[in-house]
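Engineer: What follows is a predicted structure for the sequence shown.
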Protein chains: 2
Amino acid sequence: MTATIRDVAQASGVHVSTVSRTFSAPHLVNAETRTRVLAVAENLGYRPNRAARALTTGRTHNLGLIVADISNPFFPPLIKAAQAHARARDYHVFVADTDEDPQVEEELIQTLTKQVDGVLLCSPRLSNRAIERLRADVPFVVVNRRVKGMPTILMDVGQGARLAIEHLTRLGHRRIALLSGPGGSWTSGEMREAAAAMDGVDLVILGPNAPTEQGGLAVAAEVIASGATGVLAYNDLVAIGLIEGLYERGVRVPGDVSVVGVDDIVSGRLNRPKLTTVAMPTAAAGRMAVDLLLQSVDDGATPTLITLETGLVVRESTAERRV
Amino acid sequence: MTATIRDVAQASGVHVSTVSRTFSAPHLVNAETRTRVLAVAENLGYRPNRAARALTTGRTHNLGLIVADISNPFFPPLIKAAQAHARARDYHVFVADTDEDPQVEEELIQTLTKQVDGVLLCSPRLSNRAIERLRADVPFVVVNRRVKGMPTILMDVGQGARLAIEHLTRLGHRRIALLSGPGGSWTSGEMREAAAAMDGVDLVILGPNAPTEQGGLAVAAEVIASGATGVLAYNDLVAIGLIEGLYERGVRVPGDVSVVGVDDIVSGRLNRPKLTTVAMPTAAAGRMAVDLLLQSVDDGATPTLITLETGLVVRESTAERRV
DNA sequence: ATGTTTCATGCAACCGGTTGCAGCCTCTGG
DNA sequence: CCAGAGGCTGCAACCGGTTGCATGAAACAT
C-alpha cells in the first residue's frame, strides 16, 4: 500500500532505526545520510504513521473536544480556534457532540481516552464525581465550569454581568430584570450573584428559562409585568426571543425597554435592533484551553485556573430610559 | 498505566489471543471462557486500544471531516449530524477547518490520511486535480461540489433556485435579481444556470459577491438601481446583509422588495423580517455522506452521486408585488 | 602510540493488539 | 475401537514505528 519506514530503509540502504531517527531525532543522524533518507522518503511518498508512533511514545498527538451541542452558535468559534491552535502545535482534534446527554458524554470520553492525549470539556453536563473518576484515565481541561483541583478556563460572566448592569444604570434604568438560565447552569449562578451584589439596582430575577429563543419569547409577558425597563438575558438567544416577544406585545426595544444579551453570537449582530451584549472570549478560551491541556499533558496535572475577561459590546438594543 | 490485553490474559489464565478473540470474534471462544474473560476485563477496566488494533486491521475507525469554515453557520448542523451518525457506527471524527485555504486543506488531508479510514470534504477549495491526486491515499466523499468519478453528495440548489423564483413570480414579481456568490463557487453556478433557464422572468445577475453579510450590504445600491422587486441571494448571510442595506436606504422588505435566501441558517429564523429561504438538507447530507464514505471504504470506491432535494421555507421576507 | 571521547549507525526488544496455523480434546459415526 | 470432524486454545509472526544499548570508526588529548 503506502510506503513504510522499512521501504524507505531498504531503498536508502540504511537500517529502519536510522530512518526513524531521521524524522524524530534528526540531530542524531549524519547530515549526509539524513538528506539521502529524506530524498528517498519524499520520492516514495512516505509519511510517518502517527498511530504507530503513538504505540511506543504514548503520545497520540490527538486531542478530544467535547461540547454539548455543536449547533449552539456559542461553540463554533471556540471549536474553530481550538482546532486551529492545536494544529499549529501538530495536534489533531476529535470533535464530539453529546446532545446534552451526560450518559453519552461519559461513554464518549471512555472510548476516546486511548486515542487522545487529553480532552477538552466544554460546559460539561457530567457530574463532578464522574469527572473526578474519569480524570484518572486521561488529562482534562474544563471550560466554563468549576471543578475543584482541575485545570479550568472560565469566562468571567460575573464581571460581564456587572458591566452590563452598569451600562444599564448609566442609561438611567433602575429596575432591572435578570433572566436566569437553566437550573444547574454555572454561568447563570455567577450572573445572579454578581447582579445581586450591585448597589443602586432594583433587581428582579425571572426564571429559570430555557437557554433558547423560545425561553425568551415565553418570558416576555413576565418582563412587561415586572415593570423593568432594563433586562439582562441569560444569553443572546434568550435576548433575541425576548425582543421578539416584546415586539409582539407592542413594547419597543430599545425605545421602551433596553435588552442586553450574553455571548455575542453572530445572529445578534445581524438582528435588528443589533444586540448589545456581553462578548465572551470564546476564541481565546479555545486557544488557552489547548495550551493548558498540552501543558498539563507534559507536566502532569496542574490545577491552574484561568479566568478570561469579558467585554461589553454596545449596539442598538439599549438606550436611555425614556422619561 | 491502564490495563492491556496481556494483563487481562494473565489475570484470567488464558493466552492473549483468546482475550483478543473475546472482543473481536466472540463466536470463536467458548462461552464459559468468554464470560470469565469479560468479567476480568471489566474488573480491570480494560478497553481495547483502537489505535493498536488499527495497526494490524488497517481500520482506524476514524473519519476526517474537513470544512472551509466552522464558524459559517451552514456547517455546524452538518458536522453535528455527521459526527452523531458516525458515532452510531462506532466511528470517531476529526473535524478540521481550512480557513478557506487550499494549501491548508491539502496538508491537512495528508497528515490525516494514516489516521482515518476516509475523509469527508465539504465545499472543498482544492482543485479537482489535487483531489484526484489525493484520492490514491485515502477514500473521499465530496459534498457540494462536482468531481467526476468520485462519490458525491449534492444538495440540489438548482431546484431550490427554481422553487424560489417560482415563488417570487407567483407573488407577481417579474424583474428578479440573482446575487451570485464567489467566482469559483459550484452552487453559485448551479443557481445561475437554473435561473437563466426559467421562462417569464426578467433576470438580472449581480455579482460576484462575498458570501457574507458584508457582501449583501455592499450590493444593496445595485439592487435598487436594477429595478428588481424580487431578489434571490447566494445565501442567507448575503440576504440578511442586503435587507439591512435596503433598510438603510429606505427600501422596505417585504413591502418594496421581496428577498429569498439560501441555507436556512438559524439567524434567518431570528431575524426580522424572518427570512424566506431555500432550506438545505445539511443534516441529511452529513448522515448520507458518512454512509457513503463507509460504504466506499468497505467496497472500494463507488462513484455514486447522490442528490438531495432542497425545499422552500416561506416566512416574512417575501410578499406580493405592490401595484 | 595509546587511551578516551564523540559521532553515527545497527541490533533487537517493545508498544498493544490481530490472525494463520497447528495441536489438543471431545464427539460422532461406522 | 478407530478415523475423522469440529471446537477451542496456544504459538508466534506481524502491523509501523521507537529507543536503550552495543559497536565501530574517527577525532582528540596525552
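Structural biologist: Done, it's in.
Engineer: if you look at the single longest helix found in chain A, does any of it touch DNA strand D?
Structural biologist: As assigned by DSSP state H, the longest helix anywhere in chain A is helix A:282-299. No: using C-beta under 7 Å from any atom of the strand, helix A:282-299 stays clear of DNA strand D, with a minimum separation of 13.9 Å. In short, each C-beta sits where N, CA and C put it, glycine included.
Engineer: Can you give me the distance of the residue in the stretch 151-300 of chain A that DNA strand D sits nearest to to chain B?
Structural biologist: In the stretch 151-300 of chain A, the residue that lies nearest DNA strand D is A:D298 (13.9 Å; C-beta to the nearest atom of the strand). Here A:D298 is placed at a distance of 16 Å from chain B (C-beta to the nearest C-beta, to the nearest Å).
Engineer: From A:Q83, how far out is that residue?
Structural biologist: According to C-beta to C-beta, to the nearest Å, A:D298 stands 20 Å off from A:Q83.
Engineer: Compare the two (neighbour count), which wins?
Structural biologist: A:Q83 (23 against 11; other C-beta atoms under 10 Å in any protein chain shown).
Engineer: residues touching that one, list them.
Structural biologist: For A:Q83, the contact set (C-beta atoms under 8 Å, 6 or more residues apart in numbering or on different chains) comprises A:L65, A:V93, A:V95, A:G286, B:I70, B:V95, B:A96, B:D97.
Engineer: so where's the stretch 201-323 of chain A uncertain?
Structural biologist: A:301 (pLDDT under 70).
Engineer: list the contacts for the one residue sitting closest to the centre of chain A?
Structural biologist: The residue lying closest to the centre of chain A (C-alpha atoms, centre = their mean) is A:L78, at 4.7 Å. Listed by C-beta under 8 Å, 6+ apart, the contact partners of A:L78 are A:V67, A:C122, A:V143, A:T282, A:A283, A:A285, A:G286.
Engineer: buried stuff in stretch A:214-224?
Structural biologist: Residues of stretch A:214-224 classed as buried: A:G215, A:G216, A:L217, A:A218, A:V219, A:A220, A:E222, A:V223, A:I224 (neighbour count, 16 or more other C-beta atoms under 10 Å in any protein chain shown).
Engineer: what ranges do the helices span in chain A?
Structural biologist: A:5-12, A:16-24, A:31-44, A:50-57, A:75-88, A:102-112, A:128-134, A:157-170, A:186-196, A:213-226, A:236-248, A:266-270, A:282-299.
Engineer: Can you pull up the residues of chain A that come close to DNA strand C?
Structural biologist: Near DNA strand C, when you scan chain A using C-beta under 7 Å from any atom of the strand, you find A:13-18, A:21, A:28-34, A:52, A:55-56, A:114.
Engineer: and chain B, which of those contact it?
Structural biologist: Filtering these for proximity to chain B by C-beta under 8 Å from any C-beta of the partner chain leaves A:A52, A:L55, A:K114.
Engineer: Can I get those in CSV including pLDDT and neighbour count?
Structural biologist: Listed next are these as CSV, based on pLDDT from 0 to 100; neighbours: other C-beta atoms under 10 Å in any protein chain shown:
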residue, pLDDT, neighbour count
A:A52, 94, 16
A:L55, 93, 14
A:K114, 89, 18
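Engineer: Those residues: which ones sit near DNA strand D?
Structural biologist: Within these, those near DNA strand D by C-beta under 7 Å from any atom of the strand are A:A52, A:L55.
Engineer: so how far is A:L38 from the closest residue to A:I240 other than its chain neighbours?
Structural biologist: Spatially, and ignoring its direct neighbours in sequence, A:I240 is nearest to B:L270 (5.0 Å; C-beta to C-beta, 6 or more residues apart in numbering or on different chains). Distance of B:L270 to A:L38, given as C-beta to C-beta: 54 Å.
Engineer: same thing with A:N128?
Structural biologist: 50 Å.
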